[in-house]
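1. need coordinates for the following:
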Amino acid sequence: MKTSFYTPEELKELGFKSIGKNVLISRKASIYKPELIEIGDNVRIDDFCILSGKIKLGSFIHIAAGCYLFAGEAGIIMEDFSGLSSRVSVYAITDDYSGEFLTNPMVPEKYRNIISEPVIIKKHGLIGTGATILPGVTIGEGAAVGSMALVNKDIPEWTIAVGIPAKPVKERKRDLLELEKRLYEELKLR
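-> Now for the predicted structure:
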C-alpha cells in the first residue's frame, strides 16, 4: 500500500547526493536538482514544499507544509533539530529589486543582478509560520523567529526575534539542550 510519503527505495531512485535513515518526504513535495541535496537522519518534508538547489539538512528536522527553499548555488544549510513551520520561504538567491536591472528567470542573465548568498539555520533554530528569510542570513544556534517575520539580518543565538524586519525581543530558554541529551541517550539504548 502506498502512503503519502516516498518509500526508502523510491527516495534512492530520486538521486539525492546523500540521504539518511527514517526520512519522510511527501509525494506532493517538489524537488529540483536532488543531486545537490544532502539529507540527514530523521527528517520529514511535508506536502507542497519546494526544495531547489544546494541544500544540506542535518538530522531531526521538520519542514512543514508549503515551505519554499530556493538555494541556488549559494546554498541553504539547516543544522540538527532546526525546523520550518508551514509557509516559510527561505531565499539564498533573489533578483536585485533596485530598478537598476531586469528581473526574473526568463530574462538573459547579463541584464540581471542575481543576489546569491548562503543561508544558515543553526542547530535548534526554529522559524515560525509565514516567515521569510533573505539571502546571506544566519539564524544563530537556538534562535527562534516569530510568525510572519522578515529576516534580512543575522539573528543572534538563543534569542527570539519578531517583526518586519525581525529584531530580537528576548532570550530563548536552553532547556531543550537537556532534552536533546536524553534523546541521544535513549537512542543509544535501542
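
2. checking residue 142 next. Helix, strand or coil?
-> coil (DSSP: H, G, I helix; E, B strand; the rest coil).

3. and it, how many residues sit next to it?
-> Around residue 142 there are 23 other residues, counting by other CB atoms under 10 Å. Placement of C-beta: from N, CA and C, glycine included.

4. for residue 111, same thing?
-> If you count neighbours by other CB under 10 Å, residue 111 ends up with 9.

5. I'd like to know how far the nearest residue to it once chain neighbours are set aside sits from residue 53.
-> Distances taken as CB to CB, 6 or more residues apart in numbering place residue 102 nearest to residue 111, at 4.3 Å, with adjacent residues excluded. Distance, residue 102 to residue 53, using CB to CB, to the nearest Å: 21 Å.

6. and for residue 39?
-> Look at residue 39 and residue 53: by CB to CB, they are 14 Å apart.

7. with residue 24 instead?
-> 21 Å.

8. how about residue 172?
-> Residue 172 is 29 Å from residue 53, by CB to CB.

9. touching stretch 4-13 from outside, list them.
-> 14, 19, 23-28, 47 (CB atoms under 8 Å, 6 or more residues apart in numbering).

10. and the most centrally placed residue in the chain, what does it touch?
-> The residue lying closest to the centre of the chain (CA atoms, centre = their mean) is residue 78, at 5.4 Å. Listed by CB under 8 Å, 6+ apart, the contact set of residue 78 reads 55-58, 61, 63, 84, 121, 125.

11. who's more crowded, residue 39 and residue 53?
-> Neighbour totals were compared for residue 39 and residue 53, and residue 39 leads with 24 against 19 (other CB under 10 Å).

12. right, and that one touches residue 20 too?
-> Yes. Residue 39 lies in contact with residue 20 (CB atoms under 8 Å); the separation is 5.9 Å.
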